[in-house]
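Asker: Below are the sequence and a predicted model; questions follow.
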Amino acid sequence: MLKVDIGDQCTHCGDDTAFGTGLFVNRIPSGTDGILVLKDGNADVRISVQVDGYMCADCQQDEDDKEFDDSDVDCFYNDEEGGA
């Protein structure tokens, strides 16, 4: 299988995770499989590739995590019991 290194791009959404973008700190090395399509007139040439790059923090979250809204959580602190 052909390997394609996309550098600082997110392997899932394509966002730039390079230093200075705000996405550098929470990125993780990532790889995924894909199909490279080359168009030649009427025929398409499809090549299986392994894409290497990074995954941004947004793409690391599960769908359930993305739907979480912390305003739904009630937090109570009791100073008498050593809470904040």
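Answerer: Thanks, I have the structure now.

Asker: for this structure, what spans make up the strands?
Answerer: Using DSSP state E, the strands assigned to the chain run over residues 2-10, 28-40, 43-55.

Asker: R27 reaches M55, doesn't it?
Answerer: Yes - judged on CB atoms under 8 Å, R27 makes contact with M55 at a distance of 6.5 Å. For glycine as for every other residue, the C-beta is placed from the backbone atoms N, C-alpha and C.

Asker: okay, and the common contacts of those two?
Answerer: Contact criterion CB atoms under 8 Å, 6 or more residues apart in numbering; residues shared by R27 and M55: C10.

Asker: coming back round to it: can you say which of the strands of the chain is nearest to D16?
Answerer: strand 2-10 (5.8 Å; CB to CB).

Asker: From G31, how far out is the residue nearest to N26 when sequence neighbours are not counted?
Answerer: Distance criterion CB to CB, 6 or more residues apart in numbering; nearest residue to N26, sequence neighbours excluded, is A57 at 3.8 Å. Distance from A57 to G31, counting by CB to CB, to the nearest Å: 17 Å.

Asker: likewise Q61?
Answerer: Look at Q61 and G31: by CB to CB, they are 18 Å apart.

Asker: who's in contact with the most centrally placed residue in the chain?
Answerer: Nearest to the geometric centre of the chain sits C59, at 3.0 Å (CA atoms, centre = their mean). With contact set as CB under 8 Å, 6+ apart, C59 has these partners: C10, H12, C13.

Asker: Of those residues, grab the buried ones for PyMOL.
Answerer: A single PyMOL command selects the buried members of these (16 or more other CB atoms under 10 Å):
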select buried, resi 10+12
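
Asker: Give me the helix or strand of this structure that scores worst on average pLDDT.
Answerer: helix 63-66 (a mean of 59; mean pLDDT, DSSP states H and E).

Asker: Run through who's touching stretch 7-14.
Answerer: Residues from elsewhere that reach stretch 7-14 (CB under 8 Å, 6+ apart): 15-18, 21, 23, 27, 30-32, 51-56, 58-59.

Asker: What average pLDDT does that stretch get?
Answerer: In this model, stretch 7-14 carries a mean pLDDT of 94.
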